[in-house]
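*Asks:* predicted coordinates and the sequence they were generated for:
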Amino acid sequence: MALIETRALTKRYGGGVTALSELTLAVEPGIIGLVGANGAGKSTFIKIMLGLLQPSDGGLRVLGLDPTTDSEEVRARVGYMPEHDCLPSEMSAAEFVTHLARMSGLPANAARERASEALRHVGLYEERYRQIGGYSTGMKQRVKLAQALAHDPDLLLLDEPTNGLDPAGRDAMLDLVHRIGTEFGISIVVCSHLLGEVERICDSLIAIDGGRLLRSATVSDMTTSRDVLTVEVSEGVDQLTARLAELGIPATRDGAALTVPLESEDVYDQILIAVAELDLPLHRLDQRRHRVAELFQSPAVTSPAPQEVGRGAAN
Ligand SMILES: Nc1ncnc2c1ncn2[C@@H]1O[C@H](COP(=O)(O)OP(=O)(O)OP(=O)(O)O)[C@@H](O)[C@H]1O
């Protein structure tokens, strides 16, 4: 059974805004990155998955349930960390998380225990009786994560958990999310407008742009069999392109270099032989793996500069 399945899911707000447009996808359990620029429709999608918003068209299943009709059961099995700060500054983290655990139906003692446990998982056990108002931004984000975990959900929906954090805080939060996903076996949807940031902790990615699906696939599907070779000769680029075409190897001109998909290991040797036969001065022959961000080719989805996984120049 898919963890989340949507069929032509569409959400229109008043004023002619289409926040989601015919989204059709299916994702398996694991850690899933939901990525897209601000305004792409991520929060809308999350709220529809929780049953807090009704779709305008299309349908969906979350954990096999329909949030439009089974919203109570969905919320019992799903934990939600909202994007914006919504914490009461006068309460302690222990009181707040216990209160929310009680609201999700746990008896008083169980709620207290679960709250302590959740606060320990997010690294706030020692500080749990301090007022939230005195917490740092990172600690507040952790309280929001703890309340999402407290009722022992099967799925966590985290809306921009790294918001407002400095780079070290962002890394720590993502490591925590990864640990929760892998150690507790909970599926997690983690929203971010920074693809490069979440891709390292995710099993699969859903990328949306302007409410439309750009791509939904596992990270390994996006990166494996997508290796490319970059060939650079100091002269004779056209000759080499023609020779490779004769051999059935497609090469794309990229400035002074040629980019060739590495469809089999033979391609590497065939290029070396072609260069030698044509007696061209080889400047560079590198293998690199596409970073996920390059595959989306959307300026809306940002990532740090691609990193070369070089196989080394051949001469
Ligand atoms: N209640 C609403 N009424 C009208 N338009 C809305 C409403 N909520 C969101 N929108 C619009 O829908 C689009 C998608 O918004 P949404 O908040 O889902 O995007 P997002 O990807 O989560 O972005 P952000 O990270 O900035 O919240 C935006 O154009 C937004 O302005």
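*Replies:* Looks like it arrived, so ask away.

*Asks:* how far does the helix or strand hosting Lys140 sit from the chain's center?
*Replies:* Secondary structure from DSSP states H and E places Lys140 in helix 137-149. Computed by Cα atoms, centre = their mean, to the nearest Å, the chain-centroid distance of helix 137-149 equals 19 Å.

*Asks:* could you export it as CSV, CA atoms only?
*Replies:* In CSV, the C-alpha atoms belonging to helix 137-149 read as follows (Å, rounded to 0.1, in the frame of the first residue of the first chain):
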residue,chain,number,x,y,z
THR,A,137,14.5,29.3,17.9
GLY,A,138,16.1,25.9,17.5
MET,A,139,14.5,24.7,20.8
LYS,A,140,11.1,26.1,19.8
GLN,A,141,11.3,24.1,16.6
ARG,A,142,12.1,21.0,18.7
VAL,A,143,9.1,21.6,20.9
LYS,A,144,6.9,21.7,17.8
LEU,A,145,8.5,18.4,16.6
ALA,A,146,8.0,16.8,20.1
GLN,A,147,4.3,17.7,20.1
ALA,A,148,3.9,16.1,16.6
LEU,A,149,5.6,12.9,18.0
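
*Asks:* following element in sequence after that helix, please.
*Replies:* strand 155-158.

*Asks:* residues in contact with stretch 49-66?
*Replies:* With Cβ atoms under 8 Å, 6 or more residues apart in numbering as the test, stretch 49-66 has contacts from 1-12, 20, 22-24, 44, 47-48, 67-68, 70-75, 77-78, 80, 154-155, 157, 189. To be clear about C-beta, it is placed using only N, CA and C from the backbone, and glycine gets the same treatment.

*Asks:* that stretch near the ligand at all?
*Replies:* No - Stretch 49-66 is not in contact with the ligand by Cβ under 6 Å from any ligand atom; minimum separation 8.4 Å.

*Asks:* now do that stretch: distance from first to last residue.
*Replies:* Between the opening and closing residues of stretch 49-66 there is a gap of 9 Å (Cα to Cα, to the nearest Å).

*Asks:* tell me which residues of that stretch come out buried.
*Replies:* 49-51, 53, 55, 58, 60-63, 65 (16 or more other Cβ atoms under 10 Å).

*Asks:* between those, which is closest to the ligand?
*Replies:* Checking the buried residues of stretch 49-66 against the ligand with Cβ to the nearest ligand atom, the nearest one is Leu53 at 8.4 Å.

*Asks:* three-state assignment of the closest one?
*Replies:* coil (DSSP: H, G, I helix; E, B strand; the rest coil).

*Asks:* dihedrals phi and psi, it?
*Replies:* phi -120, psi 150 (degrees, to the nearest 10).

*Asks:* kindly report the same for the one 3 residues further on.
*Replies:* Backbone dihedrals for Ser56, given as degrees, to the nearest 10, come out at phi -80, psi -30.

*Asks:* got it, and Ser204?
*Replies:* phi -150, psi 160.

*Asks:* for it, give me its contacts.
*Replies:* 27-28, 30-33, 216-219.

*Asks:* any idea how far it lies from the ligand?
*Replies:* Distance, Ser204 to the ligand, by Cβ to the nearest ligand atom, to the nearest Å: 18 Å.

*Asks:* any idea what that residue is bridged to?
*Replies:* Ile32, Thr218 (DSSP bridges).

*Asks:* can you pull the pLDDT of it?
*Replies:* We have a pLDDT of 94 for Ser204.

*Asks:* with Ala207 instead?
*Replies:* 90.

*Asks:* repeat that for Val309.
*Replies:* 23.

*Asks:* the one 4 residues further on now?
*Replies:* At Ala313, the pLDDT value in this model is 33.

*Asks:* go on, Met103?
*Replies:* 87.

*Asks:* thinking again about what came up before, near the ligand, from the contacts of stretch 49-66?
*Replies:* Restricting these to those near the ligand - Cβ under 6 Å from any ligand atom - leaves Thr44.

*Asks:* inside strands: which ones of the contacts of stretch 49-66?
*Replies:* When strands are assigned by DSSP state E, the members of the contacts of stretch 49-66 inside them are 4-12, 20, 22-24, 78, 80, 155, 157, 189.

*Asks:* which residues in the stretch 151-300 of the chain form strands?
*Replies:* Counting by DSSP state E, counting those that start in this stretch, the stretch 151-300 of the chain has strands at residues 155-158, 187-192, 204-209, 212-218, 227-233, 252-254, 257-261, 282-289.

*Asks:* of those strands, which is nearest Leu165?
*Replies:* strand 187-192 (11.6 Å; Cβ to Cβ).

*Asks:* is there a quick ChimeraX command that grabs whichever of the contacts of stretch 49-66 are buried?
*Replies:* In ChimeraX, a selection of the buried entries from these looks like this (16+ other Cβ under 10 Å):
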select :3,4,5,6,9,10,11,20,23,44,47,48,67,70,71,74,75,77,78,80,155,157,189
